[in-house]
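**Student:** Could you look at this predicted model? Sequence included:
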Amino acid sequence: MKSAGHRQEQTSNTGGDEAGITAFPSSLIEFQQRLPDEASCVGYLFKGRWPEGFVCPGCCTRRAWELHTKPWTWECAGCHRQTSVTAGTIMHHSKLPLTIWFWAAYLMATHSNGISALQLQRQLALGSYKTAWLLCAKLRRSMVAPGRSALAGLVEVDETEIACCSKHDPVTGGRGRSHQGKMLIVGAVEVQDAGAGPGRIRLAEVSDYSANSLHPFVTQNLAPGATAKTDGWSAYPGAPGVDHDPHVIGKMAAHIVLPWVHRIFSNLKIWGLGVYHGLRRQHLQSYLDEFVFRFNRRRTRHAAFRSLLGIAAGHALLTYKMWISL
Ligand SMILES: [Zn+2]
């Protein structure tokens, strides 16, 4: 879409992605064919932002020019307001090519177990590990979906412990009820189809298993009227707005009464070891957010890709201050 002039009139669509944003590439090859360069990535963003053609966010004028002095920016013909196609997304003000962002988000969204900064550096031939690490960190921060709806219906709720894994944390801690050297996690899983499968999940780090720690998790993550199915631990009952269905059991039988939340905990631990060689206390909640993000979007990779880039519908626009420069 380059022209010899200083800027180019743009009244309807931009070049590139005529197929729109609904048909998500189903393979690496298709991804590479459809989004091979900066222009096609801009086209993808343009189509997502203005499916019916440019509309000025200031005055709703539909005529605009693409500026050639600023990358990927359109100037309204009516009020001369300038709008970047990356405004409000994770890529805004980034020095990295859009193709790198798109590839990184694609790899992160489609690898079922996730991808480490080192893997990303190698796969994308990035010059420095620091760049790869920042890229990973930024994408991961998109994994907490703002305004996500609470879990509903029958919800298994339970806690688990993971041994700390860092040079600052002792690997083995206290015995018995002492949580020294352990990271404490509370989890919730929607039970679907009368127990046939898990729905959405939530995970959070807690400082202890008291009512003060567990009630906020239950009230934030379970919709009013949901039923919390627990192992009968005394701290759960009384969370406002939530019914409680306690099953008082011995520790050994918890996986039978609460099979889905226990399967999630088990998968979380295996994932943490496999991808991160153990989870560290310092970043625990972001690891948990990533695991929840992957699990809840395991059947909608396209939505995951768009959420990661901050271009999903309904995604809160990010302010520049939220991001360190990359
Ligand atoms: Zn305008």
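**Tutor:** Done, it's in. Residues are numbered from 1 along each chain as shown.
**Student:** Buried residues in stretch 68-85, which are they?
**Tutor:** 72-77, 82-85 (16 or more other Cβ atoms under 10 Å). To be clear about C-beta, it is placed using only N, CA and C from the backbone, and glycine gets the same treatment.
**Student:** Please list which of these are also close to the ion.
**Tutor:** residue 76 (Cβ under 5 Å from the ion).
**Student:** which two from the buried residues of stretch 68-85 end up farthest apart in space?
**Tutor:** Distances among those were taken as Cβ to Cβ; the most separated pair is 72 and 77, at 17.7 Å.
**Student:** pLDDT on stretch 199-212, on average?
**Tutor:** The pLDDT scores in stretch 199-212 average 92.
**Student:** again but with stretch 300-310, I slipped
**Tutor:** 85.
**Student:** how far is that stretch from where the chain is centred?
**Tutor:** 8 Å (Cα atoms, centre = their mean, to the nearest Å).
**Student:** same thing with stretch 210-225?
**Tutor:** 22 Å.
**Student:** Quick one: mark the members of the buried residues of stretch 68-85 that sit in strands.
**Tutor:** Secondary structure assignment by DSSP state E places 73-76, 82-84 of those in strands.
**Student:** Now flag whichever of the residues you listed is closest to the ion.
**Tutor:** Nearest to the ion among these is residue 76, at 3.1 Å by Cβ to the ion.
**Student:** And the closest one, how far from residue 300?
**Tutor:** 34 Å (Cβ to Cβ, to the nearest Å).
**Student:** again with residue 212
**Tutor:** 35 Å.
**Student:** what about residue 261, how many residues close to it?
**Tutor:** Residues lying near residue 261 (other Cβ atoms under 10 Å) number 28.
**Student:** begin at 268 from here
**Tutor:** Understood, numbering begins at 268; the last thing we discussed is residue 528.
**Student:** Hmm, residue 457 and it touching each other?
**Tutor:** No - Residue 528 is beyond contact range of residue 457, at 10.2 Å (criterion: Cβ atoms under 8 Å).
**Student:** Put together a markdown table for the ones in strands among the buried residues of stretch 335-352, with pLDDT on each row.
**Tutor:** Below are those laid out as a markdown table (pLDDT from 0 to 100):
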| residue | pLDDT |
| --- | --- |
| 340 | 94 |
| 341 | 95 |
| 342 | 95 |
| 343 | 96 |
| 349 | 94 |
| 350 | 94 |
| 351 | 93 |
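**Student:** distance of the residue nearest to residue 305 when sequence neighbours are not counted from residue 523?
**Tutor:** Nearest residue to residue 305, sequence neighbours excluded (Cβ to Cβ, 6 or more residues apart in numbering): residue 365, at 5.4 Å. Plainly put, residue 365 is 50 Å away from residue 523 if you go by Cβ to Cβ.
**Student:** next one: residue 341
**Tutor:** Distance from residue 341 to residue 523, by Cβ to Cβ: 59 Å.
**Student:** Equivalent analysis for residue 558, please.
**Tutor:** On the measure of Cβ to Cβ, residue 558 and residue 523 end up 23 Å apart.
**Student:** Kindly report the same for residue 575.
**Tutor:** In terms of Cβ to Cβ, residue 575 sits 37 Å off from residue 523.
**Student:** next one: residue 297
**Tutor:** Where residue 523 is concerned, residue 297 sits at a distance of 44 Å (Cβ to Cβ).
**Student:** same thing with residue 487?
**Tutor:** 28 Å.
**Student:** Equivalent analysis for residue 496, please.
**Tutor:** With Cβ to Cβ as the criterion, residue 496 and residue 523 are 12 Å apart.
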